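[1] show me how the following folds:
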Amino acid sequence: MTHLTLQAVTKRFNSAYAVDHVDLSVPDGKLICFLGPSGCGKTTLLRMIAGLETPSSGIVNFAGRDITHVPANQRDFGMVFQSLALFPHMTVAQNIAYPLRLRKTAKVTQSQRVTALLELIQLPHMANRPVTQLSGGQRQRVAIARAIASSPKLLLLDEPLSALDAKLREAMQVEIRLLQQRLGITTIMVTHDQREAMTMADEIVVMEKGRIAQVGKPLDIYRDPVSEFVADFIGLGNILPVTYDGVGGVSLPGGQQIVVTPPARAPASASEIRLLIRPEDVCVRIGSGAADQNQNRLSGTVSFIRDVGASLEATIECAGFTLTAATTPRETPGLMLGMPVLAELPPHACKLIAARAAH
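    Numbering: from 1, shown residues only. Have a look, this model is predicted:
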């Protein structure tokens, strides 16, 4: 069953489109990430779902009911803002109880619910502590507990982890995901961090200039992006201009022919095409040798190495273009700057995608 559907939802500010005719179905019990660069419309779309913005046109439908013009406080949704918006003059327990007080829930029920939520977020000993005395991660958990206190049907998260340092942010990604799975609550989260989206989401909605560029499972989007924009935004990728010969073959800027499996066919809507291969799919062999187009074997020289201990990232200068390869010290022992190498591009890992539209 699909709980939330958006039909041609549009938001204009004067003549500018912040969100442009978005159609989307959000399945029950899943965590969906709206992912995209700043200004792509993801927060505006979330705010229209929350009822904090009114669409210029289109329909927001929830559980079979049109809620496009229903006020935010009547939607029964929980929301965590980027700033968290906790009340600094209240204790942890008072912050969590706040939405229950607004609903005039019985005090005994309030107390029971707050106790249960403090256990859920693993802060039972912090009930009477002012929120100003909490760490960033603890405040984050309190904000989520407050958002789910009234058992909302939908949880909305607007870049809730952006203020945290890198290590805490990664720990909170796992915590929020486990909490969401335990509760089974449908959740929509806005982020501009593709690693965060890949870690947390059941489905990712990639947005570009107010429109949906692609929707899918994280690995599907990573492995089979529909365009250069999506490929470039999700993970690292070698995106190379290629010439299509019209009969299933492509050639790189240096003239090398590349074999693609299954045989290449140009994206139907593209006037220009690109070849995508992820760095971890590029095989590096130390030593010089003849380039072999049947094996997609290209000769090059190592121009830069980023060594982070467990992994290596090598930049390889080839004829007419540059490749990035991800490897390990065990796979390529002795790899050094200036060293001649052969880079192999496995045919099954080479994807053709539509080039980014010129602006």
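[2] could I get the full set of helices for the stretch 1-150 of the chain?
    42-50, 92-102, 107-120, 136-148 (DSSP state H, counting those that start in this stretch).
[3] which of the ones you listed sits closest to residue 203?
    Proximity to residue 203, assessed across the helices of the stretch 1-150 of the chain by C-beta to C-beta, is greatest for helix 42-50 (14.0 Å). Where C-beta positions appear, they are placed from N, C-alpha and C, glycine not excepted.
[4] so residue 136 makes contact with residue 162?
    No. With contact defined as C-beta atoms under 8 Å, residue 136 does not reach residue 162; the gap is 10.9 Å.
[5] dump the helices of the stretch 1-150 of the chain to JSON lines, plus mean neighbour count and distance to residue 68.
    Below are the helices of the stretch 1-150 of the chain laid out as JSON lines (neighbours: other C-beta atoms under 10 Å; distance: least, C-beta to C-beta, whole Å):
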{"stretch": "helix 42-50", "mean neighbour count": "23", "distance to residue 68": "8"}
{"stretch": "helix 92-102", "mean neighbour count": "20", "distance to residue 68": "23"}
{"stretch": "helix 107-120", "mean neighbour count": "15", "distance to residue 68": "31"}
{"stretch": "helix 136-148", "mean neighbour count": "22", "distance to residue 68": "22"}
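[6] of all those helices, which one is nearest residue 299?
    helix 42-50 (42.8 Å).
[7] could you list the domains of the protein?
    Taking automatic domain parsing as the domain assignment, the ranges for the chain are 2-223, 236-354.
[8] now do residue 294, the pLDDT please.
    With respect to pLDDT, residue 294 has a value of 60.
[9] and for residue 269?
    For residue 269, the predicted pLDDT is 54.
[10] what's downstream of the helix or strand containing residue 323, the next helix or strand?
    In the assignment (DSSP states H and E), residue 323 maps to strand 321-327. Downstream of strand 321-327, the next assigned helix or strand under DSSP H and E is strand 340-344.
[11] can you list contacts of that next one?
    Residues outside strand 340-344 that contact it (C-beta atoms under 8 Å, 6 or more residues apart in numbering) are 282-289, 291, 295-302, 314, 316, 318, 323, 325, 335.
[12] which of the residues you listed fall in strands?
    Residues of the contacts of strand 340-344 located in strands (DSSP state E): 283-286, 297-302, 314, 316, 318, 323, 325.
[13] for the protein, which spans come out with low pLDDT?
    1-2, 246-248, 262-271, 289-295, 357-359 (pLDDT under 70).
[14] which among the helices of the stretch 1-150 of the chain is found nearest to residue 245?
    In terms of C-beta to C-beta, the element of the helices of the stretch 1-150 of the chain nearest to residue 245 is helix 42-50, at 39.0 Å.
[15] for that closest one, packing partners?
    With contacts defined as 3 or more C-beta pairs under 8 Å, 6 or more residues apart in numbering; DSSP states H and E, helix 42-50 has these neighbours: strand 2-13, strand 16-27, strand 31-35, strand 77-80, strand 154-158, strand 186-191.
[16] which parts of the shortest one are buried?
    Neighbour counts using 16 or more other C-beta atoms under 10 Å place 77-80 of strand 77-80 among the buried residues.
[17] each with direction, which strands does that strand pair with?
    Sheet pairing here is set by DSSP bridges, and for strand 77-80 it gives strand 154-158 (parallel).
[18] could you check the angle the strand it pairs with makes with strand 2-13?
    40 degrees (axes from the mean of the first three to the mean of the last three C-alpha atoms, to 10 degrees).
[19] could you pull out the buried residues of strand 154-158?
    For strand 154-158, by 16+ other C-beta under 10 Å, it's 154-158.
[20] which strands and helices sit next to the helix or strand following that strand?
    Once the chain leaves strand 154-158, the next helix or strand it forms, by DSSP H and E, is helix 166-183. For helix 166-183, the packing partners by 3+ C-beta pairs under 8 Å, 6+ apart come out as helix 136-148, helix 194-200.
[21] of all the ones you listed, which one is nearest residue 44?
    helix 194-200 (18.0 Å).
[22] for residue 338, see how far away residue 308 is.
    For residue 308, the distance to residue 338 equals 21 Å [C-beta to C-beta, to the nearest Å].
[23] do residue 64 as well
    65 Å.
[24] quick check: residue 192 touching residue 36?
    Yes. With contact defined as C-beta under 8 Å, residue 192 reaches residue 36; the gap is 6.7 Å.
[25] quick one, what contacts the residue nearest to residue 103 when sequence neighbours are not counted?
    Distances taken as C-beta to C-beta, 6 or more residues apart in numbering put residue 150 closest to residue 103, at 6.2 Å, once the chain neighbours are dropped. Contacts of residue 150 were listed using C-beta under 8 Å, 6+ apart, and they are 76, 78, 99-100, 103, 105.
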